[in-house]
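Engineer: Take this sequence and fold it.
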Amino acid sequence: MADFFRRQATEPLARYLGGTDAAERAAAVSSLIMGTIIQRYVLAIAPLAATSADGARSWLGTALQLLLTGGEFQPL
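Structural biologist: Residues are numbered from 1 along each chain as shown. As a prediction, this is how the structure comes out:
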């Protein structure tokens, strides 16, 4: 399963993103998406499982955009 996901998702995304850190950013995107799916739908861990679709879309979209564009996170 890991090999399939790497070949079908992570590697093509890294090629699309380009740049010296493309593989790392693609892996981070993969980790964020898979972790969210597992915690929200498989394990149903609160509060993520109870978050509205709009709420999850908002924070997930922001995090994905930063990873995909190579943006910098602002320190808290």
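Engineer: hey, where'd the helices end up in this protein?
Structural biologist: 2-5, 11-17, 22-37, 53-69 (DSSP state H).
Engineer: can you redo these as a markdown table with mean neighbour count?
Structural biologist: C-betas here are computed from N, CA, C, even on glycine. Shown next, in a markdown table, are these (neighbours: other CB atoms under 10 Å):
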| stretch | mean neighbour count |
| --- | --- |
| helix 2-5 | 8 |
| helix 11-17 | 15 |
| helix 22-37 | 15 |
| helix 53-69 | 12 |
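Engineer: Let me have those helices in TSV, adding mean pLDDT and distance to A46 as columns.
Structural biologist: Listed next are these as TSV, based on pLDDT from 0 to 100; distance: least, CB to CB, whole Å:
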stretch	mean pLDDT	distance to A46
helix 2-5	87	27
helix 11-17	94	30
helix 22-37	92	14
helix 53-69	89	13
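Engineer: Reformat these as CSV; add distance to L43.
Structural biologist: Output for the helices of the chain, formatted as CSV (distance: least, CB to CB, whole Å):
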stretch, distance to L43
helix 2-5, 19
helix 11-17, 25
helix 22-37, 10
helix 53-69, 15
